[in-house]
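Q: Quick one: sequence plus predicted model below, questions after.
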Amino acid sequence: MTTTRFAPSPTGYLHIGGLRTALFSWLWAKKNSGEFLLRIEDTDLSRNSDEALSAILQAFEWVGMGYDGDAIYQSKRFDIYQKYVDQLLAEGKAYRCYMSKEELTTLRETQMAKGERTRYDGRYRDFKGTPPQGVEPVIRIKAPTEGNLIFNDGVKGEICIASSEVDDFVIARSGGVPTYNFVVAIDDALMGLSDVIRGDDHLYNTPKQMVVYEALGFKMPNFYHVAMINNEQGKKLSKRDGATDVMEYKTLGYLPEALLNFLVRLGWSHGDQEIFSIEEMISLFDPNNINKSSSNYNLDKLLWLNAHYIKNMPHDKLATLLSEYGVDIGSHKQLDLILNATKERGKTMVELANQINIILNTPTTYDAKGFKKAFKGEATTILNDFSTLLKEEEASLESPADYHAIIQKIVEQKSIGFGKIGMPLRVSLLGKMTGSGLDEIMMILGVDETINRIEKAIAFKKQQI
RNA sequence: GACCCUUUCAUCUAGUGGCCAAGGAUAUUGCGUUUUCAUCGCAAAGACAAAGGUUCAAAUCCUUUAGGGGUCGCCA
């Protein structure tokens, strides 16, 4: 049975790096018909917030990654942890340390000055005397004093860290509240995890957790430490590099399938394949193929993927999603035509919504440069004649091709180039020189609105003179 | 500073000793399609961090150097 987990601490929004490790864990569980569990690491009572928690859950919902069973809250499991603290104390595998914070600081400064890796010196490890007054002790676990702590990482291979680098770390604070490395090991074991996929930044926590597994006699899961995502310059990803909050991608108009596709290809690949449906990701993903090195965040690729998913999305679904971006065309009788005319012009949902609005809303202003260029010479006359022709043929206009025929007719009648009518017509309809195909636009708008826009543009032209 | 991890085109990556004078994708540039823009198609340019080994043969194995990242809490 494959069991994986995601274990966020509710202190902020869900970061895209976190989403990637969650995705890897989720895919691996799904692939093996196992379980993907959610655990909330809220042992630091002062830093938790309900808003952060709901933001994280909301992000999971948006990308469509569900978790199995109920979320586990560490803050509700203190009695379990306490039991294990007592057990270790009774077995002599942990001990009370009465060192004051001042003493600890002094020790660290001395070590730092000597150029050593700072660590607790074990002075209370075998303490048998009378404890000093006025110090509420912490509980420390006895870590091995010699040899190496070795584990096999599914991504990096064998990791060997000298025991001298791992000190007798605190497992319970002076107030009795247990600490991260202790509760993580206990919960991972108790939750029956087979595979732990987490960020590289936890690599050095693993030997510590090994000490806990060893002391408690728990079986270790497989660990996979995934390297970080950096910005395009290879530096740590910060808010200045663009969106780091998963939900911000929704606001910016990205589709969850594009974001997941983008993230799954960051550090993982399957030959030359770039596009992965969720089903393909599930069937192909294997954490043993995750790259060792960190990867850089690259917005261009995400944008390309997003455009791809927009272009290939069924129209009814696209229309439903568009309502979240302020465009309501679900019941428009030209829905298919509208989307066909615009979906190749929007790389994000925001851009797509904008493209649609440009067609659906009568222009209130005109691009100055484009208007000037388009309305040179005979443009007004040509448009007037075109309007008349439209009105005459109104009854027979049932498809974009019919509208195209009308334009063609004008072009032939007047022996002009297509641009002579195309340019002023486009500016009249859209307010600018670029955009969707004229035939489609007119079909969407219908004869009356098309003529209305032409007349408005002509009026604007007259006003200028 | 110490310890650990890492290093293929600008970016994501393929590559597990001979199939590699290194393949794909994005971005870039050019050409074509298109009434415009976009899409699409075709093409170009573009990398094994450096130096030493091992080997008949190295992007692939080893060593050193350099760059990048992570960690050194009674945070998680």
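A: Yep, it's here.
Q: show me where the stretch 151-300 of chain A has helices.
A: Remark: helices assigned in the stretch 151-300 of chain A by DSSP state H, counting those that start in this stretch are A:180-190, A:205-216, A:246-251, A:256-264, A:278-284, A:299-311.
Q: Distance to A:Ile444 for those - can I get that in a markdown table?
A: C-beta here means a position set from N, CA and C on the backbone, and glycine is covered the same way. Listed next are those as a markdown table, based on distance: least, C-beta to C-beta, whole Å:
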| stretch | distance to A:Ile444 |
| --- | --- |
| helix A:180-190 | 57 |
| helix A:205-216 | 58 |
| helix A:246-251 | 27 |
| helix A:256-264 | 27 |
| helix A:278-284 | 33 |
| helix A:299-311 | 19 |
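Q: Dump those to TSV, plus mean neighbour count and distance to RNA strand B.
A: Below are these laid out as TSV (neighbours: other C-beta atoms under 10 Å; distance: least, C-beta to the nearest atom of the strand, whole Å):
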stretch	mean neighbour count	distance to RNA strand B
helix A:180-190	22	3
helix A:205-216	21	5
helix A:246-251	19	16
helix A:256-264	23	8
helix A:278-284	16	12
helix A:299-311	18	3
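Q: Relative to A:Phe24, which of those is closest?
A: helix A:256-264 (7.8 Å; C-beta to C-beta).
Q: Show me which residues of the stretch 51-200 of chain A sit near RNA strand B.
A: A:99-101, A:104, A:108, A:112, A:115-120, A:135-136, A:138, A:156-157, A:159-162, A:165, A:169-170, A:173-175, A:177, A:179-181, A:200 (C-beta under 7 Å from any atom of the strand).
Q: any weak-confidence spans in chain A?
A: Scanning chain A with the threshold set as pLDDT under 70 gives A:465.
Q: for it, longest helix please?
A: Using DSSP state H, we find that the single longest helix of chain A is helix A:438-464.
Q: Nearest to RNA strand B within the stretch 101-250 of chain A, name that residue for me.
A: Residue nearest to RNA strand B within the stretch 101-250 of chain A (C-beta to the nearest atom of the strand): A:Gly115, separated by 2.7 Å.
Q: What are the phi and psi values at that residue?
A: Note on A:Gly115: its backbone torsions stand at phi 80, psi 30 [degrees, to the nearest 10].
Q: so what's it up against?
A: Shown in contact with A:Gly115 (C-beta atoms under 8 Å, 6 or more residues apart in numbering): no residues.
Q: Give me the distance between it and A:Phe182.
A: Computed as C-beta to C-beta, to the nearest Å, the A:Gly115 to A:Phe182 distance reads 29 Å.
Q: Check A:Met228 too.
A: For A:Met228, the distance to A:Phe182 - C-beta to C-beta - is 25 Å.
Q: ok, now A:Ser399?
A: From A:Ser399 to A:Phe182 the distance is 71 Å (C-beta to C-beta).
Q: Packing partners of the longest helix of chain A?
A: Judged by 3 or more C-beta pairs under 8 Å, 6 or more residues apart in numbering; DSSP states H and E, helix A:438-464 is in contact with helix A:335-342, helix A:349-360, helix A:368-374, helix A:379-393, helix A:400-414, helix A:418-430.
Q: Among the ones you listed, which comes closest to A:Gly18?
A: helix A:349-360 (23.2 Å).
Q: Show me what the closest one is packed up against.
A: Here helix A:349-360 touches helix A:315-322, helix A:335-342, helix A:418-430, helix A:438-464, going by 3+ C-beta pairs under 8 Å, 6+ apart.
Q: And the ones you listed: which comes nearest RNA strand B?
A: Of all these, helix A:418-430 sits nearest to RNA strand B, with 2.5 Å by C-beta to the nearest atom of the strand.
Q: who's in contact with that closest one?
A: With C-beta under 8 Å, 6+ apart as the test, helix A:418-430 has contacts from A:358-359, A:363, A:366-367, A:370-371, A:373-375, A:377-380, A:382-383, A:386, A:407, A:410-411, A:414, A:432-436, A:438, A:441-442, A:445, A:450, A:453-454, A:456-458.
Q: Okay, angle between it and helix A:438-464 too, please.
A: 80 degrees (axes from the mean of the first three to the mean of the last three C-alpha atoms, to 10 degrees).
Q: How far away from the center of its chain is helix A:418-430?
A: 41 Å (C-alpha atoms, centre = their mean, to the nearest Å).
Q: that older thread, quick one, which of the residues of the stretch 51-200 of chain A next to RNA strand B are buried?
A: Among those, those buried by neighbour count (16 or more other C-beta atoms under 10 Å) are A:99, A:119-120, A:138, A:156, A:159, A:161, A:169-170, A:179-181, A:200.
Q: ok, which pair from those residues is furthest apart?
A: Greatest spacing in these, by C-beta to C-beta: A:Met99 and A:Lys156 (34.1 Å).
Q: Can you report how many residues lie near A:Lys235?
A: Neighbour count for A:Lys235, taken as other C-beta atoms under 10 Å: 10.
Q: give me the element A:Lys376 is part of.
A: Per DSSP states H and E: A:Lys376 is located in neither a helix nor a strand.
Q: burial of it, as a residue count?
A: Neighbours around A:Lys376, by other C-beta under 10 Å: 11.
Q: now do the one 5 residues further on
A: The tally of other residues near A:Thr381 (other C-beta under 10 Å) stands at 11.
Q: what's the spatially closest residue to A:Gly192 that is not a sequence neighbour sitting at in phi/psi?
A: Spatial nearest neighbour of A:Gly192, chain neighbours left out: A:Thr3 (5.3 Å); criterion: C-beta to C-beta, 6 or more residues apart in numbering. Main-chain dihedrals, A:Thr3, degrees, to the nearest 10: phi -130, psi 130.
Q: Relative to A:Asp200, how far out is A:Thr3?
A: For A:Thr3 relative to A:Asp200 (C-beta to C-beta), the value is 22 Å.
Q: Same check on A:Thr4?
A: Distance from A:Thr4 to A:Asp200, by C-beta to C-beta: 17 Å.
Q: what does A:Ile451 give?
A: 63 Å.
Q: now A:Leu263
A: Relative to A:Asp200, A:Leu263 is positioned 15 Å away (C-beta to C-beta).
Q: swap in A:Glu412?
A: Distance, A:Glu412 to A:Asp200, by C-beta to C-beta: 68 Å.
Q: same check, this time on A:Ile275
A: As judged by C-beta to C-beta, A:Ile275 and A:Asp200 stand 27 Å apart.
Q: A:Ile139: which element?
A: Using DSSP H and E, the element containing A:Ile139 is strand A:138-141.
Q: would you put the C-alpha positions of that strand in CSV?
A: Taking Å, rounded to 0.1, in the frame of the first residue of the first chain, the C-alpha atoms of strand A:138-141 are listed here in CSV:
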residue,chain,number,x,y,z
VAL,A,138,13.4,21.0,27.8
ILE,A,139,13.5,17.4,26.8
ARG,A,140,16.3,16.3,24.5
ILE,A,141,16.7,13.0,22.7
